[in-house]
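**Student:** Got a predicted structure here, sequence first:
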Amino acid sequence: MNSIILFLLTYIQDLHKQINELLLFISKFIPLNQFSFEDSLSPKYQKLKVDKLPVIIKHQKLDYLFLLDYYLWKYNKLLTPISRKNGYTVSQSTVCPRCNAPHEFIYANNGSAGQFLCKVCKETFLHKAHLKPLILKCPYCGHTLDHKKSRLHFNIHKCTNDSCSYYLSNLKKLPKGLPSSERFKFKLRYIYREFVMDFFKMDLYALPSWATSFNFRKNNSHIMGLVLTYHVNLGLSLRKTSHALKEVHGIDISHTMVANYAKTAAVLIKPFVDSFDYNPSGLLTADETYIKVKGLRGYVWLIADKVSRSILGYQVSDNRGVAPCILTMRMAMDKFKSWSSDQLNSIKFVADGYSAYPLAAQQFNLRGIPLKVTQVVGLTNDDAVSEEYRPFKQVIERLNRTFKSSYRVTCGYDNQDGADLGVALWVAYYNFLRPHKLYGWKRCLNHVEFLSNADNMPGKWQLLIYHGQQTILNQQTANSLS
């Protein structure tokens with residue numbers, strides 16, 4: 001008994017010595033003043049946040065003759081040309097870009113600096129300037145935003161007003177003693193990204209250019225059903241699928257033909273999967289995960305219904321930008337076409353802390369589609385938002401793991417088309433053929449009556465292909481009539 005007590009006392013003394021050494025190390029090498037600054041309020045972390053929309057002022061083209069007549073009608077007197085007394089002259093080629101008023105109605109507003117003022121419409125402009133269709137102003141100070149950078153899909157505008165309340169409040173949050181040369185590491189000013197490409201006019205459901213004929217030259221639809229069963233359901237690679245067909249069924253088919261059959265089936269089934277009425281609940285969760293395309297990093301974007309677990313939107317991209325995020329959200333929001341504006345306001349969209357999601361939601365709001373993104377940041381419930389919406393993230397993370405378990409055997413995709421159609425084929429299997437834990441592994445997520453007529457999985461794939469063909473024909477008929 002005494003030996004145990006002696007051992008414990010010795011152990012406690014050793015721990016106390018280690019704690020003292022750690023405290024000495026912290027006091028020497030870790031500045032304690034950094035703990036007086038709360039990181040959650042740091043402007044550095046605002047790079048992950050999206051600023052609210054700017055004040056948008058739209059300028060319409062006017063007619064100076066109409067404005068002159070209106071002035072005569074309203075004030076009962078003519079608006080006379082400018083009588084110049086200060087010695088400044090305006091060139092005859094100078095015309096107001098907004099109302100086309102000639103130089104007789106143009107003031108040299110600031111002398112030799114080059115700014116002009118139209119007496120008719122009160123527009124200020126520079127020589128040979130074109131009328132801007134809209135002006136972006138900071139929502140905090142009203143200062144006109146300056147165009148700073150141009151990216152592939154958007155332009156970056158920034159408020160450069162040093163008296164802006166947004167800028168001044170972020171300055172106060174900086175760590176004390178931070179040199180001015182280090183301020184560039186923090187996001188201090190208001191920033192707006194103006195998209196120059198309209199992602200809402202892109203066709204999400206267009207058939208590929210090579211999709212002209214789906215006739216079988218050598219084999220039949222039953223062999224295609226077997227190919228899909230082995231390749232998609234059982235997760236076999238192309239070569240293992242070819243090997244299994246030869247060893248089990250005596251069907252000699254190359255792995256290249258397996259890939260062609262899979263791509264053909266994906267093209268046929270995709271319209272049915274994308275246009276199916278999933279009866280969404282309005283509780284959505286989104287995430288992106290990594291894949292390999294031609295040995296390079298690619299991304300799969302998934303949006304799932306939290307209640308039904310169905311995948312409502314999916315995209316494959318070679319970048320992690322806003323463009324594929326918008327397209328994925330468009331595909332998911334298309335499932336809510338029958339919802340009223342009040343119902344759309346009740347949609348809860350949960351994602352991680354990546355800034356692409358609120359940026360994409362901002363574009364939906366600009367087009368009158370109310371969409372608010374709730375972001376769950378981190379792995380622990382450090383705040384009320386994370387604690388409430390953590391189950392949403394768990395659903396989409398489990399979905400990512402399920403996709404990765406079937407994707408790993410492929411070792412990546414050979415090209416972008418193969419990745420797009422491979423993911424589309426897996427989504428069809430997940431939504432309509434795969435038994436799910438939600439129903440005790442006894443049925444799939446979406447029950448379709450015609451699939452119950454098939455006794456085996458190859459037959460179900462054939463039925464999906466048939467109804468996909470009918471969906472394509474119906475869509476083509478509707479487009480020709482419209």
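**Tutor:** Looks like it arrived, so ask away. Every value quoted in this text rests on a predicted model; they were computed, and no experiment measured them.

**Student:** Start from the N-terminal end of the stretch 301-450 of the chain and give the strands.
**Tutor:** Using DSSP state E, counting those that start in this stretch, the strands found in the stretch 301-450 of the chain span residues 311-317, 348-351, 373-375.

**Student:** so where is the stretch 201-350 of the chain shaky, pLDDT-wise?
**Tutor:** Scanning the stretch 201-350 of the chain for pLDDT under 70 picks out 207, 209-219.

**Student:** 80 instead, please
**Tutor:** By pLDDT under 80, the weakly predicted segments of the stretch 201-350 of the chain are 201-220.

**Student:** Can I get the strands of the stretch 301-450 of the chain in CSV including mean neighbour count and distance to F200?
**Tutor:** For glycine as for every other residue, the C-beta is placed from the backbone atoms N, C-alpha and C. Below are the strands of the stretch 301-450 of the chain laid out as CSV (neighbours: other C-beta atoms under 10 Å; distance: least, C-beta to C-beta, whole Å):
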stretch, mean neighbour count, distance to F200
strand 311-317, 23, 14
strand 348-351, 22, 17
strand 373-375, 19, 17
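
**Student:** Nearest to F336, out of those?
**Tutor:** Set against F336 and scored by C-beta to C-beta, the strands of the stretch 301-450 of the chain come closest in strand 311-317, at 9.0 Å.

**Student:** Show me what the closest one is packed against.
**Tutor:** Secondary structure elements in contact with strand 311-317, counted by 3 or more C-beta pairs under 8 Å, 6 or more residues apart in numbering; DSSP states H and E, are strand 283-293, strand 296-305, helix 322-333, helix 416-432.

**Student:** ok, now with 7 Å
**Tutor:** Strand 311-317 makes packing contacts with strand 296-305, helix 322-333, helix 416-432 when contacts are defined by 3 or more C-beta pairs under 7 Å, 6 or more residues apart in numbering; DSSP states H and E.

**Student:** Residues contacting the longest one, please?
**Tutor:** Contacts of helix 416-432 from elsewhere in the structure, counted by C-beta atoms under 7 Å, 6 or more residues apart in numbering, are 208, 232-233, 262-263, 265-267, 269-270, 273, 291, 293, 298, 300, 310-311, 314, 316, 318, 403, 406, 413, 444-446, 448, 451, 464.

**Student:** Need the buried ones from these selected in PyMOL.
**Tutor:** Only the buried entries of the contacts of helix 416-432 go into this PyMOL selection, using 16 or more other C-beta atoms under 10 Å:
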select buried, resi 232+233+262+263+265+266+267+269+270+273+291+293+298+300+310+311+314+316+403+406+413+444+445+446+448+451+464
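
**Student:** Do I have it right that T241 meets V258?
**Tutor:** Yes. T241 is within contact range of V258, at 5.0 Å (criterion: C-beta atoms under 7 Å).

**Student:** Show me the common contact partners of the two, please.
**Tutor:** Listed contacts common to T241 and V258 are 227, 231; contacts here mean C-beta under 7 Å, 6+ apart.
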